[in-house]
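A.B. asks: Turn this into a structure:
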Amino acid sequence: MLVFRFWKYEKVEGIAADPVVLTMLYEERRTAMFTRCDERNYREMLPGVELKTLTHGEAMLLGEFRLKKGAVIPSHSHPHEQIGYLVSGRLRFNSEGETYEAGPGDGWCFTGNCEHGVEVLEDSLVVEVFSPVREDYLP
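C.D. replies: Coordinates of the predicted model:
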């Protein structure tokens with residue numbers, strides 16, 4: 001994965017009386033991150049479920065999932081808000097006793113701690129955002 005990182009340093013006048021704030025302002029902060037598209041860096045999360053972390057910041061993470069027909073992501077919950085977009089394929093979501101069949105172009109949002117799972121009805125490509133960052137999804 002080719003990653004471009006740009007760093008910016010800021011100095012704010014008139015706050016030197018507070019050493020904690022001054023220290024935080026002089027720390028390196030990533031202001032932009034770009035990732036080139038390639039076929040590498042996918043990792044198997046479950047049978048038939050592959051993840052490639054595309055990019056991440058301090059508060060959110062963007063991931064691409066390749067899902068094989070017949071794969072199942074068991075019902076689970078996590079503290080992260082999860083927003084997704086189905087690029088191609090078909091999925092059947094189960095959440096809190098309801099089912100929803102998604103097709104290309106459909107999107108979803110699960111709040112933190114919402115129980116959800118999915119059945120993969122066709123080979124699928126999904127893009128999802130998690131906030132806060134899922135540490136277990138970092139490259």
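A.B. asks: And the helices in this protein?
C.D. replies: Applying DSSP state H to the chain gives helices spanning 19-26.
A.B. asks: Can you give me the domain assignment for this structure?
C.D. replies: For the chain, automatic domain parsing gives the domain ranges 1-36, 38-137.
A.B. asks: want to throw the ones you listed into JSON lines with mean pLDDT and mean neighbour count?
C.D. replies: Glycine gets a C-beta too; all of them are placed from N, C-alpha and C. What follows is the domains of the chain, written out as JSON lines (pLDDT from 0 to 100; neighbours: other C-beta atoms under 10 Å):
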{"stretch": "domain 1-36", "mean pLDDT": "47", "mean neighbour count": "10"}
{"stretch": "domain 38-137", "mean pLDDT": "95", "mean neighbour count": "15"}
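A.B. asks: Now for the nearest residue to residue 109 once chain neighbours are set aside: which residues touch it?
C.D. replies: In this structure, residue 109 finds its nearest non-sequential neighbour in residue 83, 4.7 Å apart by C-beta to C-beta, 6 or more residues apart in numbering. Listed by C-beta atoms under 8 Å, 6 or more residues apart in numbering, the contact set of residue 83 reads 107-109, 128-129.
A.B. asks: Now, those that are in strands?
C.D. replies: Assigned to strands by DSSP state E, the following of those qualify: 107-109, 128-129.
A.B. asks: Make a markdown table out of those residues and add distance to residue 42.
C.D. replies: Listed next are these as a markdown table, based on distance: C-beta to C-beta, whole Å:
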| residue | distance to residue 42 |
| --- | --- |
| 107 | 22 |
| 108 | 22 |
| 109 | 24 |
| 128 | 14 |
| 129 | 18 |
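A.B. asks: Between these, which sits nearest residue 68?
C.D. replies: Closest approach between the ones in strands among the contacts of residue 83 and residue 68, by C-beta to C-beta: residue 128, at 16.8 Å.
A.B. asks: tell me the contacts of that closest one?
C.D. replies: Neighbouring residues of residue 128 by C-beta under 8 Å, 6+ apart: 62-63, 65, 82-85.
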